[in-house]
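S.K.: can you look at this prediction? I've put the sequence above it.
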Amino acid sequence: MAIRSDHPRITIVISSLGGGGAQRAAVNVANHWAVKRRRVTIATLFHGDAPSTFALDPRVMRTDAGFRNRGNRSEAELLAAIRQFVISTKAGVVLSLVDQTNIRVANALRGSKIPLFVWEQIDARPIASPEWEAARREAYKTVTGVIALTEEDARYFGAGTHVVFNPVAVPNVERTARLPLIVAAGRLEEQKGFDILIAAFARAAHPDWSVVILGEGREREALMRRARDLGIADRVSLPGFTSDPERVFAQASIFAMPSRREGFPNALLEAMACGAVPVVSDCAPGMSEIVRHGIDGLAVQPYVVTPFAEALDRLMTNDDERRRFAEHAPEVVTRFSVEEAVARLDRIFDESLSEAN
C-alpha cells in the first residue's frame, strides 16, 4: 500500500546536512518523495546555516532549529526546544536519522501523538557508551517504529523492527579510462580505518599505484605522518572533502573501505555505481550485503592490515579479475534503488498508521 497523495507532511529530522552517509540517505529519500509530489520537510537541529552538502530538490522544504550547539541548555531544556521545533514543522509523520538524534527526538516527542519512526544508520552494536545504549533502549520503546539497515541489525532491536537499506543515487558520470588509483572516502577519524589502508598499501608495494582519501577530520596529520614514515607520502593524497566524489570514483580502479565500524555506507554504494571495484573490511552486516565477495569485490577480515593488503595486491596484479568485478559492481543501482527504499518506507508508514487507527 502506498502513502496517499493527501498524506500529511513527512518531516525528516537530522542533526545537520553536512557530508555523511546518513545525510545522503535523507536527501535521497526526500528528493524522491518530492518528485512523487509528497510534502516533505528536512529539519536540521545543528549548524543549519551551512549549505546542504547534497543537492536538495527545490520542492523539499528545509528548516533549521538554529542550534549552533547545545550551548548552556540542560538536557531537559534541549528536549523542550526540539519538541517545539519539530511540532512547528506541522509534521504528520516524523522520520529521524542517526542514533543520538533519534534518542533525543524520541524523548522530545514523548506524549505528543506525532507518529515517529527512527532510522538507524550504523550497525546495531551498542553505541558510544552503556549510558547511551540504555537511553536508546528506553527511548525506542516510545516510538511508532524502528527501522534498521539490515535483517541482522533488525534482530538486534527485536520483533517488529523494519528494514530499509540506504539507497544509492548518483548523477550520470562520464566513464573514463581507469587509472592505477585506489580511492577512499569518509571522515578522517579512527572509525574509518584509513590508517589500515595506508599500511596495507605500503605493504602491497606497487609503485605505479596511488591512493586518494577524500574527506576531512581530526586524523589528517596522523595519516600523513604515517604515510611519510612508510615512505609512500608521494603516492598518498588527502585533498579534503568534495561534494562530487563521483568524478574521482569514475577514474579509480579500486575503492577501499577499511572501516572498523559502518552501517550501510553510501560512499561504497556510489563508488560501485561508478564502476570502482570495492575492497572492504567485513565489519558490519551491511558491508557483506553490499559487496558480493568474489562477484563484484572483496570483503576481508576487519581491523587488521594483512588481509586488506593481500586483497589490494590481488586486484592490483590481476587485471582480468578487476575488470570482471567492475562489470558487476554497478548493479548496486538496481539492487539498492531509491525507488525500492522509498516504497518500503511508504509501506511501513501506512501499515503502522493503519494499525494505530
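M.R.: Right, received. Where do you want to start? Numbering: from 1, shown residues only.
S.K.: what lies in contact with the helix or strand hosting Ala22?
M.R.: Applying DSSP states H and E as the criterion places Ala22 in helix 21-35. With contact meaning C-beta atoms under 8 Å, 6 or more residues apart in numbering, helix 21-35 is reached by 10, 12, 14, 16-17, 40, 42, 52-57, 59-60, 97-98, 119, 121, 166-169, 263-267, 338-339, 341-342, 345. Yep, even glycine has a C-beta here, placed from its N, CA and C like the rest.
S.K.: just checking, what packs against the lengthiest helix in the chain?
M.R.: Ordering each helix of the chain by length in residues (DSSP state H) puts helix 338-356 first. Secondary-structure packing of helix 338-356 (3 or more C-beta pairs under 8 Å, 6 or more residues apart in numbering; DSSP states H and E): helix 21-35, strand 93-97, strand 116-119, strand 145-148, strand 162-163.
S.K.: now it: buried residues?
M.R.: Across helix 338-356, burial judged by 16 or more other C-beta atoms under 10 Å covers Val338, Ala341, Val342, Arg344, Leu345, Asp346, Ile348, Phe349, Asp350, Ser352, Leu353.
S.K.: residues touching the closest residue to the fifth one other than its chain neighbours, list them.
M.R.: This points to Leu345. Among residues not flanking Leu345 along the chain, Val164 sits closest, at 5.8 Å (C-beta to C-beta, 6 or more residues apart in numbering). Contact analysis of Val164 by C-beta under 8 Å, 6+ apart lists Trp119, Ile147, Ala148, Leu149, Ala341, Arg344, Leu345, Ile348.
S.K.: just want the angle from the longest helix of the chain to helix 21-35.
M.R.: Counting by axes from the mean of the first three to the mean of the last three C-alpha atoms, to 10 degrees, helix 338-356 lies at 80 degrees to helix 21-35.
S.K.: can you pull out the residues in contact with helix 338-356?
M.R.: 1-3, 7, 10, 28-29, 31-33, 36, 93, 95, 115, 117, 144-145, 147, 162-169.
S.K.: what of stretch 212-224?
M.R.: Here stretch 212-224 makes contact (C-beta under 8 Å, 6+ apart) with 19, 181-190, 192, 194-195, 197-198, 233, 236-242, 245, 248, 252.
S.K.: swap in 7 Å and give it another go.
M.R.: Applying C-beta atoms under 7 Å, 6 or more residues apart in numbering, the external contacts of stretch 212-224 come out as 181, 183-190, 194-195, 198, 233, 237-242, 245, 248.
S.K.: helices - which of those residues land there?
M.R.: Within the contacts of stretch 212-224, residues falling in helices by DSSP H are Phe194, Asp195, Ile198, Val248.
S.K.: most neighbours among the residues you listed, which one?
M.R.: Phe194 (31 neighbours; other C-beta atoms under 10 Å).
S.K.: contacting residues around it?
M.R.: With C-beta under 7 Å, 6+ apart, Phe194 has these contacts: Ala184, Leu188, Ile213, Glu219, Leu223, Pro258.
S.K.: ok, these vs Glu289, which is closest?
M.R.: Pro258 (17.8 Å; C-beta to C-beta).
S.K.: the closest one: neighbour count?
M.R.: Other residues close to Pro258 by other C-beta under 10 Å number 28.
S.K.: for Leu238, see how far away it is.
M.R.: Using C-beta to C-beta, to the nearest Å, we find Pro258 at a distance of 15 Å from Leu238.
S.K.: please apply the same query to Met272.
M.R.: In terms of C-beta to C-beta, Met272 sits 22 Å off from Leu238.
S.K.: neighbour count winner among these two?
M.R.: Between Met272 and Leu238, counted using other C-beta under 10 Å, the more crowded position is Met272 (29 against 20).
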